[in-house]
Each structure stands twice: as C-alpha cells, then as structure tokens.
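S.K.: what follows is a predicted protein model with its sequence.
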Protein chains: 2
Amino acid sequence: MAVRISFEEMKAQFRRVLLNLGFSEKRADLCAAIFAENSRDGVYSHGVNRFPVFVQLVKEGLVVPEAEPEQTGQHGALAYWDGHRAPGMVTATRATEQAIALAKEHGIGCVAVKNTNHWMRGGTYGWQAAEAGCVAICATNTIANMPPWGGKEPRLGNNPLVIAIPRENGHIVLDMAMTQFSFGKLQEYELKGEELPVAGGYDETGALTTDPEAIRTTGRSLPIGYWKGAGLSLVLDVLVASLSGGRSVAEITAQGKEYGVSQLFICIDAARQNEAIIENILAYTKACEPVHAGGPVRYPGENTLATRVRNEKEGIPVNEEIWQQVLAL
Amino acid sequence: MAVRISFEEMKAQFRRVLLNLGFSEKRADLCAAIFAENSRDGVYSHGVNRFPVFVQLVKEGLVVPEAEPEQTGQHGALAYWDGHRAPGMVTATRATEQAIALAKEHGIGCVAVKNTNHWMRGGTYGWQAAEAGCVAICATNTIANMPPWGGKEPRLGNNPLVIAIPRENGHIVLDMAMTQFSFGKLQEYELKGEELPVAGGYDETGALTTDPEAIRTTGRSLPIGYWKGAGLSLVLDVLVASLSGGRSVAEITAQGKEYGVSQLFICIDAARQNEAIIENILAYTKACEPVHAGGPVRYPGENTLATRVRNEKEGIPVNEEIWQQVLAL
C-alpha cells in the first residue's frame, strides 16, 4: 500500500529525526532536503526507502553527523579532500560547489574525495552543477555487488557514473550504475512477483535469467553490456580510489559495510556551450520512428522532471510500512 | 587467409601511400605509426582494415592531409580547437599533448575539438596520456549507427569513451563504444558464419538476436545495457558537440559520411596517484573465483599488452586480400 506524502511533510520528518541524531540545523536541513528531493524526483531507492539505512549507519558511528570535510591538498584546479566520514550528501554538495568554483576560475575543476560516505542519488550533484551553468562528470565507488567478467563472486561495485549538461529547458542528467538493475529494482520486481524485462544476472546453473529471486540467490548481477560494464566499473574504482588516495571497492567490501568511500567531481564551465546544438540533438533523437506507435523516446533527466512535477502536485508515493518506520524513528 | 606482416613493413607501406597522397614526412610517419600500432595491438578494425577507408576519405577531400588544427579560444585549463578536418590522429595526438600540458600546469586540463576526423582507436590517446603520467577521459561522436531507446532508426552514434590510468606494470586503458558489438565485430562473426555470444541487436520482428546478418539488415544494433548505453551515447554526443561548438551525430549523419566530428580530451595529473591502491584493486579482482576453472579475469588493457607482445614477435596477422589492397594503393 502506498500513501502520498507532501514534500514539505517528508522533509520535516527527516529533519526531526536528524536533529535527534545530533545533526546541526543546517546539516539536518540539507540532508532532509536531499532525501525528500530524491523521493520527489522518483528515485525512491535513494530517498525515503534509504532513510532508515542512513539513520542506522549514523547510530553505528560510521556516518559522523558533524564531521568536517577537509581539503588536504591542491594543485591548481585539482583539489584533494578527506571527507572524515561526514554525511556523504554534505561532502558531495560541498565538493561540487568547489568543483564549480574551480571551473569558473580555471575553465575546468576537479575534487577528489576520500573517506566520504554514500551520496544517495548521484544525479543530485549533476543537477547542482548544471544549475550553476557547469557540465559535471562525477563518480563514486561502492561495496562489491557484481562479479568481474569471467568471475563468479561479487568483486566490483556498481560504481555510479553521473554526467550532467546544463540546458535552459531542463538539464540533461545521466545517473547510471554499472549493474543492469539496481538492488532496489530487483527487489521491486521480486516483491511484485514479476520477471525482469531483460536478463539481469545469472541463476545457479550459470545461465542468464530474468528471475530477480534467482539473481538475489547467486549474487551474480549482470553488468551493463556484459564485459563492457564490468570493465567500466573496474576503471571507475581505480580512478576514484587512486586519485583520492581513498578506499577501493576491495577495502570497502572487506569492512563488511559501505562507508568511507571514494568519489570524484569534475566540473567544466559551460559558459561558451552552444545551446542550439543541444536542442538540435534532442529534436533529432526524439523524432525517431518509435518501436511502439506513439511510444516516447526520452533523454536522460526528462523522466525526472516529469515525475517531479507530478509528485509535487499529487504528493510523493511512499510504501506505508516504510513511512511508519520513518515516523517511529 | 591471414598473412603475418612485421610492424616495420606495415608502417613502411602505410607511409609510402600517405606520402603519395601529399602528407608531409612528419605526418605520414605519425599516421602510419598509429595505424600500424593499432593492428599490432590487436585493434585490426582501426588499423590495417580501416586504412583503405581513410585513404578514400583523403582522396575525397574530407580528410585534409596538411590542414593545421588551430586553437580558437582558451579559458584557463580549458582550450577550444578547430581541427580544420586534418587527419583525426594528428589532431587527437596534439590535443592530448595539450591536455597533458594543461594538466601538469593546472592539475587538470581539457581540450574541446570541433571539425576534426575519426581518431581511429581512441585507446591510442589514453595510452599517450598514461605514458605521460596522466589520467585521461576522452570521448568522440560518430555517424548514427544505433537507435535511441524506444526507437527503431539509427539516431545515436556508438560514441566511444576512453578512460586511461597510468600504471607502472601496464597502463589500464578502457576504450569502449556504446554498441554491444562494433560494426567490425558483427562483420567478423558474419564472415565466419558464427552466432554472437550474446544478443547484439534486433531482427525484423523486433526480437533480440545473436544473428549478425539479421542485425546488419535491420540496422538496429543493441546499446550496451539497453536504455543505459543509449542514454550514455546521447549524453556523450551532447557533451562533445555542445562544448566544442562542433557537429553533432545529427549533423554528421546528415552529411552521409563520417567527417568533421567533435571530440573532448580531459587529462588529470596523476603525480599524487596511489599506485599501491591500483595493484590492490587488480589483485582483488583477478583473485575472483572464475566461471570456468582456470579461466582468466582481466583488466581493460591487459589483452592489448599481451597481443602487442605476441604480434611483435610473430608479426601482425592481416587478411591477405586487405593486405593486397594496401600494397596496390
């Protein structure tokens, strides 16, 4: 059963819980807003559904509410940060601010962050940069949740990649994990008793399967594009961990819990960007003959905007059980 | 039938042909070396097999042998270039040199290039940056060769993405097009009369298929990860075209021939990179239990190095018919 909760009520509940956990007013505001915005934009897995997990990590001391992210080095437009395990959304927001400032000054800027925490929806920082007139390329590593190509055990993270481009009529924001389906999506299909639309992993016999339960059992999620997504995941881990000097997927996985991850934030000043070219690309792509008559061809970020408008009007749909959990926190 | 040609002989033949086409000694050397290196490293589709196509584009005046790529603007560590349709390998090599120089000075550097030509193997510039101690992120657009998600006609390029990370024991270089199989790969399977190992596109009924001939007929290649690779392809096109102010996939496709494309070269100084973290990641990943006993788990770039060593020793395998074509040029 889903209930509809307004953005303001959702944010207020999150804020209440975070203040009780020792967050300052300012940080509680920021984190509550990001969780509520993620749900409002339809990314429920990293909004309200994830909030109880976040609270648990705070209680265990793995996310430190008032830790101060610190710049530990700088080489021109490239900055090195230690997140000191502050809430990931706080550090990612600030790192993006800094990457934007570096980009405005130097044309391009980069912040490599070690020892930070889950940024929830990566797209948040893409939208932030685009709002400031910057292109963004951001990446994070995660705990291991898919096998390398040719391997059976999870040793790669789904290591989301974000690419954002500012646009007057709605920013283009790609926020893409390296697994074909996120853990949350698999769970969603399993709860509904539905098959996946395309293969999402391997069953016990080593065959590709659309059965979400079989994939949960084996732990063998499918990388996007088979060997290609596995390669991209590995390279993104090497990139964020080796540049920041932070934890790799291997080290995060050895901890048993996902904390202290590594991230990278690149911003490029888009002041000289040619907006007409973007409109032309979108028009050309969307004018494609559809597979199903009248079926839409969408650009990354388009659904987000549509969902945002609908959820702002009708309220944000939340699983009632999860909402009761939040109220009880 | 394949013959084995030494690297030096292959390069000398390419050089001879390019000098006859009006290339200077210096440019002929560089372009011949890149074509021969691509074949030596096992990327035959962008080495010897592509050489006759390149020659044809030069004869048609679409690739201009002695055109001078020109810097048209600069904002700190971000440079804007016009390739003036010079050979793509020349401009990409120089743009990478500039991105490396900017990265050494500013920590990170970026060169956005419009009006350039096919760079052949994108990995070339990843290896170049890694050799200079830099991380590289490079992207190009192409002619349309796959449909957007939900669409039937080719309106997206396979827009390769390159990510390279320097490493003492062999650089990590990912060079990944957005189609599950390149056109060259599909052709290879079709000529051998073999099925693809996984679905590579759609047949006439709109079903996923492993039949390379059916995919050639429909022109509906599969993006890596279905909707995900389609989204990444679109975003990369927007990125390279709007930042450089150059041609988009739409405009390249309207020309009917692939020339005057847009590219982006980002380099990050890796002087403070932690090499031990990289070794740890590779060891952890490679120690994964294999799907097939004794089967390898490889990192991107590992096969390239192995092929390079073998082809340097045994000569580079070339289809005899194609080699005769080159000799006759």
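M.R.: It's in.

S.K.: residue contacts, A:A270?
M.R.: Applying Cβ atoms under 8 Å, 6 or more residues apart in numbering or on different chains, one finds that A:A270 lies in contact with A:G133, A:C134, A:V135, A:I165, A:P166, B:S242, B:L243. Placement of C-beta: from N, CA and C, glycine included.

S.K.: mind checking how far it is from A:I100?
M.R.: For A:A270, the distance to A:I100 (Cβ to Cβ, to the nearest Å) stands at 11 Å.

S.K.: surely A:E105 is in contact with B:G76?
M.R.: Yes - the pair A:E105 and B:G76 qualifies as a contact (Cβ atoms under 8 Å) at a distance of 6.7 Å.

S.K.: what residues are shared contacts of those two?
M.R.: A:A77.

S.K.: among the two, which residue is more densely surrounded?
M.R.: Neighbour totals were compared for A:E105 and B:G76, and B:G76 leads with 21 against 16 (other Cβ atoms under 10 Å in any protein chain shown).

S.K.: got the contact list for that one?
M.R.: Residues in contact with B:G76, defined by Cβ under 8 Å, 6+ apart, are A:A77, A:E105, A:H106, A:G107, A:I108, B:H106.

S.K.: dump those residues to CSV, plus distance to B:S221 and secondary structure.
M.R.: Putting the contacts of B:G76 into CSV (distance: Cβ to Cβ, whole Å; DSSP: H, G, I helix; E, B strand; the rest coil) gives the following:
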residue, distance to B:S221, secondary structure
A:A77, 38, coil
A:E105, 42, helix
A:H106, 39, helix
A:G107, 35, coil
A:I108, 33, strand
B:H106, 39, helix
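
S.K.: so which of those is surrounded by the most neighbours?
M.R.: Neighbour counts for the contacts of B:G76 peak at A:I108, which has 33 neighbours (criterion: other Cβ under 10 Å).

S.K.: all helices of chain A, in order?
M.R.: A:7-20, A:25-40, A:51-59, A:88-106, A:123-131, A:183-192, A:212-218, A:227-244, A:249-255, A:275-286, A:302-314, A:320-328 (DSSP state H).

S.K.: what is the neighbour count of A:E37?
M.R.: 21.

S.K.: and the closest residue to it other than its chain neighbours, how close does it get to chain B?
M.R.: Among residues not flanking A:E37 along the chain, A:T124 sits closest, at 7.0 Å (Cβ to Cβ, 6 or more residues apart in numbering or on different chains). Taking Cβ to the nearest Cβ, to the nearest Å as the measure, A:T124 and chain B are separated by 17 Å.

S.K.: OK, contacts around A:T124?
M.R.: For A:T124, the contacting residues are A:I34, A:E37, A:N38, A:M89, A:A92, A:T93, by Cβ under 8 Å, 6+ apart.

S.K.: between those residues, which is nearest A:N115?
M.R.: Within these, distances to A:N115 taken as Cβ to Cβ reach their minimum at A:A92, with 12.9 Å.

S.K.: what residues does that closest one make contact with?
M.R.: With contacts taken as Cβ under 8 Å, 6+ apart, A:A92 has the following neighbours: A:V113, A:T116, A:W119, A:T124, A:Y125, A:C138, A:Q263, A:F265.

S.K.: what do you get if the cut-off is 7 Å, keeping everything else the same?
M.R.: By Cβ atoms under 7 Å, 6 or more residues apart in numbering or on different chains, the contact list for A:A92 reads A:W119, A:Y125, A:Q263.

S.K.: can you tell me how far it is from chain B?
M.R.: Plainly put, A:A92 is 18 Å away from chain B if you go by Cβ to the nearest Cβ.

S.K.: cool, A:E25 as well?
M.R.: Using Cβ to the nearest Cβ, one obtains 35 Å as the distance from A:E25 to chain B.

S.K.: leaving out chain neighbours, which residue sits closest to that residue?
M.R.: Looking at A:E25 with Cβ to Cβ, 6+ apart, the closest residue is A:L19, at 7.2 Å.

S.K.: isn't that neighbour up against A:R27?
M.R.: No - contact criterion Cβ atoms under 7 Å: A:L19 and A:R27 do not qualify, at 9.4 Å.

S.K.: could you check how far A:Q324 is from B:I224?
M.R.: With distances defined as Cβ to Cβ, the gap from A:Q324 to B:I224 amounts to 40 Å.

S.K.: of these two, who's got more company?
M.R.: B:I224 (26 against 11).

S.K.: if I look at that one, how far off is B:P148?
M.R.: 14 Å.

S.K.: list phi and psi for A:S182.
M.R.: The phi/psi pair for A:S182 (degrees, to the nearest 10) reads phi -70, psi 160.

S.K.: what is the neighbour count of it?
M.R.: Applying the criterion other Cβ under 10 Å, we find 18 residues in the vicinity of A:S182.

S.K.: tell me, how many residues neighbour the residue lying closest to it once chain neighbours are set aside?
M.R.: Computed as Cβ to Cβ, 6+ apart, the closest residue to A:S182 that is not its neighbour in sequence is A:S45, at 6.2 Å. Burial of A:S45 is recorded as 18 neighbouring residues (other Cβ under 10 Å).

S.K.: correct me, but A:S45 touches A:F181?
M.R.: No - with contacts counted by Cβ under 7 Å, A:S45 stays clear of A:F181, the gap being 10.9 Å.

S.K.: I'd say A:D175 and A:G122 touch.
M.R.: Yes - here A:D175 reaches A:G122: they are 4.9 Å apart, a contact under Cβ under 7 Å.

S.K.: common neighbours of those two, please.
M.R.: When Cβ under 7 Å, 6+ apart defines a contact, the residues bordering A:D175 and A:G122 alike are A:P160, A:V162.

S.K.: by mean pLDDT, point me to the weakest helix or strand of chain A.
M.R.: For chain A, using mean pLDDT, DSSP states H and E, the weakest element among its helices and strands is helix A:183-192, scoring a mean of 85.
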